[in-house]
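S.K.: Model the following, please.
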Amino acid sequence: MQNSEDSVLSLLKKSEEFLKRKNIPSPRLDAELLLADLLKIPRVKLYVDFERPLSLIEKDAYRERILERSKSRPTAYIIGKKSFFDSEFYVDQNVLIPRPETEELVAWVLEDFSKGQGSLEILDLCSGSGCIGISLAKPKANWIVHFSDVSPEAMNITKRNSSEILGGDRKIEFFESDLFSSIPKDKSFDCIVSNPPYIPEKEKGEIMPDVLNYEPHLALFLSDFEEFHVKLLGQGFPFLKEGGRLYLETHPEYSGWLREAALKVGYSDAVLRKDLSSKERFLRLTK
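M.R.: Residues are numbered from 1 along each chain as shown. Next up, the predicted model:
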């Protein structure tokens, strides 16, 4: 016979305490997310059914998840999904876990193109999970979205998320490409949006183990920030239509340099925007 120690509330408390001892940053939230996903219920419903006992199979499965999280494996990779903007994206270790800061970038683009535009050609460069391009395309049925990533594994995840969230009827193109190298030269875009790798390798020692030990380094780190971004800016310029815009998420400490570099390449306007933490993380460039 099961007792109160097998209940949702009891197991949440024990898991939170265990994760806290392992120095996991958000122990209660992670314990709740892992359990709600296991039971296939919304997280808020845990507190409606907090006296519900778990079966032995459920307890064992939950214990395994908590053990994985205690080793710093990100919750999103354990459950295989992450909420972003107004959708849920499949993620695994081949793609970065979407961040709240990147939601701010998507919101900026939608804000800028909220009025007066018809069908636009959009490129999500370094697409990863596809969260940027999909979140832009979802409310804009007449936008034609394109995705590009150097990683074939990441591109497969972009395709999966595009199919599941946007459906199969949208006109979408996918390019496996190192920046713009494999994108057809006759392509031109009204808007290019990118969250490319931007953390210098010398900063690896400052990165949390959740990120450093599990997320793809190809999508995170650069040996030479300036060389990579000069290449991105230069290659991207001819792919923009006149008046087209390039939006970038970037390293706040390099954002000023990046703005000046873009003006030297030939962009006519360069606007920096701060994130909600007041860091200059976003850049909008106009051709």
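S.K.: rest of the way, CA atoms for contacts and neighbours
M.R.: OK.
S.K.: buried residues in the helix or strand hosting residue 10?
M.R.: For residue 10, the host element (DSSP states H and E) is helix 8-21. For helix 8-21, burial by neighbour count (16 or more other CA atoms under 10 Å) applies to 8-12, 15-16, 18-19.
S.K.: Which other helices and strands does the helix or strand hosting residue 159 contact?
M.R.: Counting by DSSP H and E, the element that carries residue 159 is helix 152-166. When contacts are defined as 3 or more CA pairs under 8 Å, 6 or more residues apart in numbering; DSSP states H and E, helix 152-166 packs onto strand 87-90, helix 131-137, strand 144-149, strand 172-176.
S.K.: returning to that earlier point: report the two of the buried residues of helix 8-21 separated the most.
M.R.: Greatest spatial distance in the buried residues of helix 8-21: 8 and 19, 16.3 Å, computed using CA to CA.
S.K.: can you give me the mean pLDDT across the helix holding residue 10?
M.R.: The average pLDDT within helix 8-21 is 95.
S.K.: which parts of the very next helix or strand once past it are buried?
M.R.: Proceeding N to C from helix 8-21, the next assigned helix or strand is helix 27-39, under DSSP H and E. Residues of helix 27-39 classed as buried: 27-28, 30-37 (neighbour count, 16+ other CA under 10 Å).
S.K.: Just after helix 27-39, pick out the following helix or strand.
M.R.: helix 56-70.
S.K.: Contacts made by that following helix with the rest, please.
M.R.: For helix 56-70, the surrounding residues in contact (CA atoms under 8 Å, 6 or more residues apart in numbering) are 6, 15, 18-19, 22, 24, 31, 34-35, 38-39, 75, 78.
S.K.: What is the neighbour count of residue 47?
M.R.: The number of residues packed near residue 47 is 12, by other CA atoms under 10 Å.
S.K.: go on, the one 3 residues further on?
M.R.: Residue 50 is surrounded by 14 other residues when neighbours are defined as other CA under 10 Å.
S.K.: Hmm, it is touching residue 8, no?
M.R.: Yes - taking contacts as CA atoms under 8 Å, residue 50 lies within contact range of residue 8: 4.9 Å.
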